[in-house]
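Student: prediction below, plus the sequence it came from.
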Amino acid sequence: MLKSYLPILVFALLGLGIGGALVMLNHLIGPKRRAQTTAANRRRTEPYESGIPVDAAQGLRVGVSFYLIAMLFILFDIEVVFLYPIGVILKPADSVFVLGELVLFVGLLLVAFVYVWRKGALNWR
């Protein structure tokens, strides 16, 4: 029983060993001094936000429709993931029942999508 856990233990120790060695190597040969605080160095260390100033993002308000569309995307994305196991077993199952379940599931997804579309949740305002 314990022999089956041996590869997991070896990979865990190997991963921790290599990770720790790389961290120590970075600490030993990495740069030690900080750059002088000039205006150019301060701009260089700020995160790049596609040309948008970082300070302007503090007062930026995002509409509720953005969150609604994001949640709908996650919802439909997770539901589509459930189609993968059906695709894997569809040919070996060789059953009309599995095909019926698949058609029912896709039909329910389509009904939910049409409902959300009719309610106007996908309109970007």
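Tutor: Arrived safely.
Student: quick check: what element follows the helix or strand harbouring Leu22 along the chain?
Tutor: Element membership of Leu22, judged by DSSP states H and E, is helix 6-29. Later in the chain than helix 6-29, the nearest helix or strand by DSSP H and E is helix 39-45.
Student: what about Ala39, how many residues nearby?
Tutor: 7 (other CB atoms under 10 Å). Heads up, the C-betas are built off the backbone N, CA and C, glycines and all.
Student: just give the nearest non-adjacent residue to Phe82, would you?
Tutor: Of all residues not flanking Phe82 in the chain, Phe105 sits nearest, at 7.2 Å (CB to CB, 6 or more residues apart in numbering).
Student: quick one: mean pLDDT for the helix holding Leu22?
Tutor: What helix 6-29 shows for mean pLDDT is 94.
Student: kindly export that helix (C-alpha atoms) in PDB.
Tutor: Backbone C-alpha positions of helix 6-29 (Å, rounded to 0.1, in the frame of the first residue of the first chain) are rendered in PDB as follows:
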ATOM      1  CA  LEU A   6       6.200   6.500  -3.200                       C
ATOM      2  CA  PRO A   7       6.100   8.200  -6.600                       C
ATOM      3  CA  ILE A   8       4.000  11.000  -5.100                       C
ATOM      4  CA  LEU A   9       6.500  11.500  -2.300                       C
ATOM      5  CA  VAL A  10       9.400  11.500  -4.700                       C
ATOM      6  CA  PHE A  11       7.800  14.100  -7.000                       C
ATOM      7  CA  ALA A  12       6.800  16.300  -4.100                       C
ATOM      8  CA  LEU A  13      10.300  16.200  -2.600                       C
ATOM      9  CA  LEU A  14      11.800  16.800  -6.100                       C
ATOM     10  CA  GLY A  15       9.500  19.700  -6.700                       C
ATOM     11  CA  LEU A  16      10.200  21.300  -3.300                       C
ATOM     12  CA  GLY A  17      13.900  20.700  -3.700                       C
ATOM     13  CA  ILE A  18      14.200  22.300  -7.200                       C
ATOM     14  CA  GLY A  19      11.900  25.200  -6.200                       C
ATOM     15  CA  GLY A  20      13.900  25.800  -3.000                       C
ATOM     16  CA  ALA A  21      17.200  25.600  -4.900                       C
ATOM     17  CA  LEU A  22      16.000  28.200  -7.500                       C
ATOM     18  CA  VAL A  23      14.700  30.600  -4.800                       C
ATOM     19  CA  MET A  24      18.100  30.300  -3.000                       C
ATOM     20  CA  LEU A  25      20.000  30.800  -6.300                       C
ATOM     21  CA  ASN A  26      17.900  33.900  -7.100                       C
ATOM     22  CA  HIS A  27      18.600  35.200  -3.600                       C
ATOM     23  CA  LEU A  28      22.400  34.600  -3.900                       C
ATOM     24  CA  ILE A  29      23.000  36.000  -7.400                       C
END
